[in-house]
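Peer 1: From the sequence below, what's the structure:
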Amino acid sequence: MEAVKDQILLMEIEKELAGPNGKDALAKYDAVLVRLGERIDSALKEGLPPDEFPKVGELKEASVLARKILRLTARVGG
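Peer 2: Below you'll find the predicted structure:
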């Protein structure tokens with residue numbers, strides 16, 4: 001059930017990016033991902049327990065990838 005909700009949310013984001021206010025939507029979602037990246041960088045600078053480091057590293061990679069996909073989706077949809 002959760003996967004269906006996630007798919008619906010992604011479709012709504014896609015429609016928003018392709019709509020008349022696509023640039024605003026891109027800026028909004030990109031800002032969220034930028035803030036996440038800043039929080040990750042801050043956590044990495046402050047230091048993490050060894051078992052948390054790989055998880056946070058993967059989250060950082062995922063947020064960078066999400067920003068790339070977001071831009072690509074906006075470009076294709078717009």
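
Peer 1: so who does the closest residue to Leu70 other than its chain neighbours touch?
Peer 2: Closest residue to Leu70 in three dimensions, ignoring its sequence neighbours and counting by Cβ to Cβ, 6 or more residues apart in numbering: Tyr29, at 5.6 Å. To be clear about C-beta, it is placed using only N, CA and C from the backbone, and glycine gets the same treatment. Tyr29 makes contact with Ile13, Leu17, Leu70, according to Cβ atoms under 8 Å, 6 or more residues apart in numbering.

Peer 1: what about the host helix or strand of Tyr29, average pLDDT?
Peer 2: Secondary-structure element containing Tyr29, defined by DSSP states H and E: helix 22-46. Along helix 22-46, the predicted confidence averages to a pLDDT of 94.

Peer 1: And the next helix or strand past it?
Peer 2: On the C-terminal side of helix 22-46, the closest following helix or strand by DSSP H and E is helix 53-77.

Peer 1: hmm, who's touching that next one?
Peer 2: If you take Cβ under 8 Å, 6+ apart as the criterion, helix 53-77 is touched by 13-14, 17-18, 22-23, 25-26, 29-30, 33-34, 36-37, 40-41, 43-44, 48.

Peer 1: 10 Å - rerun?
Peer 2: Contacting residues not belonging to helix 53-77 are listed as 10, 13-19, 22-23, 25-27, 29-30, 32-41, 43-44, 47-48 [Cβ atoms under 10 Å, 6 or more residues apart in numbering].
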